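Trainee: Quick one: sequence plus predicted model below, questions after.
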Amino acid sequence: MLSVSSTEEKIKEAARKIFLQKGFEGATTRDISREAGLNCALMNYYFRSKEKLFASVFEEMLHLFFQGMITVLNKPISLKEKIIELIDHDFQTFKRNPSLCIFVLNELHRNPDQLINIIQSAKTQTALLFELQLKEAIDKGVVRPVKMQHVLSLLLSNTQFIFLGKAITMSTWQMDEEAFDTYAEDHKQLITQMIINFLFIPETAS
């Protein structure tokens, strides 16, 4: 017999998969219980409702993403290295979970307050060191005068879009998964060069 913690994790793992595929509205407790190999009554015993299970899973997924970002932002490395690592972090996150982009956008429209609360919590942990590094680089004339929120939006939106458009890209250019992975990796390098060359004054851009 599974322990309480392993049963809960099994349910959460199944819920993550189903919610990413179908979103909150499209997913049912029956879908999740079938994926977990458990009956609905047992699932309801642990999480009471689809709403509570979703809240738990959704918050965990977002915290996992933001915690990785916070780790990079707080590293004792140069601003340029940090930006390159942030792009790679976002890219790898969405590569592992390509449905996460659409999922987050859908939930932002469905329940913006929940997502905003999590983002506000993450923002308080990330703002100081990165913003200080950026301000120092701007003051030294190394970086263009661009606000931190614009920099982070540039990084996130450019990496997200590769995976938001995955199905269309694969269909239009007749790619299989291997070909798309190669395309995505090449595109990541282009994004990195583009953002570095835009932010850093030409004499310092690499």
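Mentor: Ah, there it is. Residues are numbered from 1 along each chain as shown.

Trainee: Every contact and neighbour count from this point should use C-alpha atoms.
Mentor: Will do.

Trainee: what's the following helix or strand after the least confident helix or strand in the chain by mean pLDDT?
Mentor: Least confident helix or strand, the chain: helix 112-139 with a mean of 77, by mean pLDDT, DSSP states H and E. Using DSSP states H and E, the helix or strand that follows helix 112-139 in sequence is helix 148-164.

Trainee: in that next one, what counts as buried?
Mentor: For helix 148-164, burial by neighbour count (16 or more other C-alpha atoms under 10 Å) applies to 148, 155-156, 158-160, 162-164.

Trainee: Then stretch 61-69?
Mentor: Result for stretch 61-69 [16+ other C-alpha under 10 Å]: buried residues 62-63, 66, 69.

Trainee: What sits closest to F24 if chain neighbours are left out?
Mentor: For F24, ignoring the flanking residues on the chain, the nearest one in space by C-alpha to C-alpha, 6 or more residues apart in numbering is F54 at 7.2 Å.

Trainee: average pLDDT across the one helix or strand the one you found maps to?
Mentor: In this structure, F54 sits in helix 50-73 according to DSSP H and E. For helix 50-73, mean pLDDT is 84.

Trainee: Can you give the distance of that helix from its chain's centre?
Mentor: 9 Å (C-alpha atoms, centre = their mean, to the nearest Å).

Trainee: And for stretch 66-76?
Mentor: On C-alpha atoms, centre = their mean, the centre of stretch 66-76 falls 13 Å from that of its chain.
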